[in-house]
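Undergrad: can you look at this prediction? I've put the sequence above it.
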Amino acid sequence: MEVTLKDIEQIDARSQLIIDVRSPKEYEEFHIPEAINIPIFSDEERAKIGTIYKRVGEEDAKELGLQLFAPKLPGFYKQLRDLLIETAKNEVLFYCARGGMRSRSFVVTMAMMGLPCTQLRGGIRAFRQEIIAKLKKQENRSRSFIVLNGYTGSRKTDLLQSLKKLGYPVLDLEGLAGHRGSIFGQIGMKPNSQKTFEMLLVQELEKLKDAQYILIEGESKRIGKVVIPNFILQGKVVGEQILISYPLEKRVENIYTIYDPSKYKTNIDEALGHLEKRLNQPIREKILSAKQNGDYKLIYKILMADYYDQRYEYQIQQMKNKQHVIEMSSLNEGLEKLTQFLTTQLKKTS
């Protein structure tokens, strides 16, 4: 049976029910936006088939795949039929890793049952290549960055998110990464893979293509396991620098709110265990004492004053005469001063 193939530029979530037939683990790492995961094989089944393919051969792997796939067909058909009715979509677009056997077998079988099915040419791999090509184009685009710097807990992310709500051109790199950057950074968040990060990054940069400047936070090269592209890092270095100055006690309160031990104690203790290896003996002893007393605010204060602030101090001094300092005692005060600064900058460059 001939299968109707669709190319990347023909993806249309408004009219198509997009179905990712790969395993849940593959889907979680990276998938087309609005795609629904209906896996032909579970993670365990896929691993088993892969093992048979490597150790025995292709035919045996195909036979096992068929044995696992066939009993699921009635359920797949009912699920797809109900989804088409529920979503009022015109057709089903299936994809797998490379546009191969998994999605093709699904398309052929469901088409025989009368469902309007198509297959994505090249699968998720073709979609990924499209993202890489778009990211490459972004590298060559001229843009200016305004960079928010500050010690840990200075509410830089809160300021950026507030500015974004007001319509300012903000690129929230931590939000795209699903990680806050420190060893505690994934607590309360769902980290994204490099592939998903780059897809979201391209989407945001395309939205900001006409912006006179882009506001970002002064990140290091990595946010968790995600690597920031060099053109953003280079733009950060030459960009306009702003230092957010926020009192230590308020920074402690902010970090305590984010990493609340009543919600995340196990995760916090695990992160502290990893971090303690990097700390000197006096700091470790102070943290241990605070931990025994259940005083996590004190733990955060010790880490900021004796560890994180010390590490950041050199970077602050390097930019001492190159950055505009905004002192704030509240988020609203900082937001007001930031908007005033940005208005002044726009007047200078216009």
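TA: Arrived safely, thanks for sending.

Undergrad: could you dump stretch 110-121 to CSV, C-alpha only?
TA: Extracted C-alpha coordinates of stretch 110-121, given in CSV (Å, rounded to 0.1, in the frame of the first residue of the first chain):
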residue,chain,number,x,y,z
MET,A,110,-4.8,2.5,10.2
ALA,A,111,-5.3,3.6,6.6
MET,A,112,-6.6,0.1,5.8
MET,A,113,-9.2,0.8,8.6
GLY,A,114,-10.3,3.9,6.8
LEU,A,115,-8.5,6.6,8.9
PRO,A,116,-7.0,9.5,7.0
CYS,A,117,-3.3,8.8,7.7
THR,A,118,0.0,10.3,6.4
GLN,A,119,3.7,9.9,7.4
LEU,A,120,6.3,12.5,8.1
ARG,A,121,9.2,12.1,5.7
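
Undergrad: who's in contact with it?
TA: Residues from elsewhere that reach stretch 110-121, judged by CB atoms under 8 Å, 6 or more residues apart in numbering: 1, 3-8, 11, 16, 76-77, 80-81, 84, 90-95, 99, 103-104, 106-107, 126-127. Quick note: C-beta positions are derived from backbone N, CA and C, even for glycine.

Undergrad: of these, buried ones?
TA: Among the contacts of stretch 110-121, those classed as buried by neighbour count (16 or more other CB atoms under 10 Å) are 6, 11, 16, 76-77, 80, 84, 91-95, 99, 103-104, 106-107, 127.

Undergrad: could you list the domains of the chain?
TA: Domains of the chain are assigned by automatic domain parsing as 5-131, 142-349.

Undergrad: how far off centre is the longest one?
TA: Read it as domain 142-349. Centre-to-centre, domain 142-349 and its host chain are 15 Å apart (CA atoms, centre = their mean, to the nearest Å).

Undergrad: the shortest one too?
TA: Centre-to-centre, domain 5-131 and its host chain are 24 Å apart (CA atoms, centre = their mean).

Undergrad: now, which of the buried ones among the contacts of stretch 110-121 lie within strands?
TA: Lys6, Gln16, Glu91, Val92, Leu93, Phe94, Tyr95 (DSSP state E).

Undergrad: export the residues you listed as a markdown table, with columns for pLDDT.
TA: Listed next are those as a markdown table, based on pLDDT from 0 to 100:
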| residue | pLDDT |
| --- | --- |
| Lys6 | 95 |
| Gln16 | 96 |
| Glu91 | 95 |
| Val92 | 95 |
| Leu93 | 96 |
| Phe94 | 96 |
| Tyr95 | 96 |
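
Undergrad: would you mind checking which of those residues is nearest to Gln138?
TA: Nearest to Gln138 out of those is Tyr95 (CB to CB; 24.5 Å).
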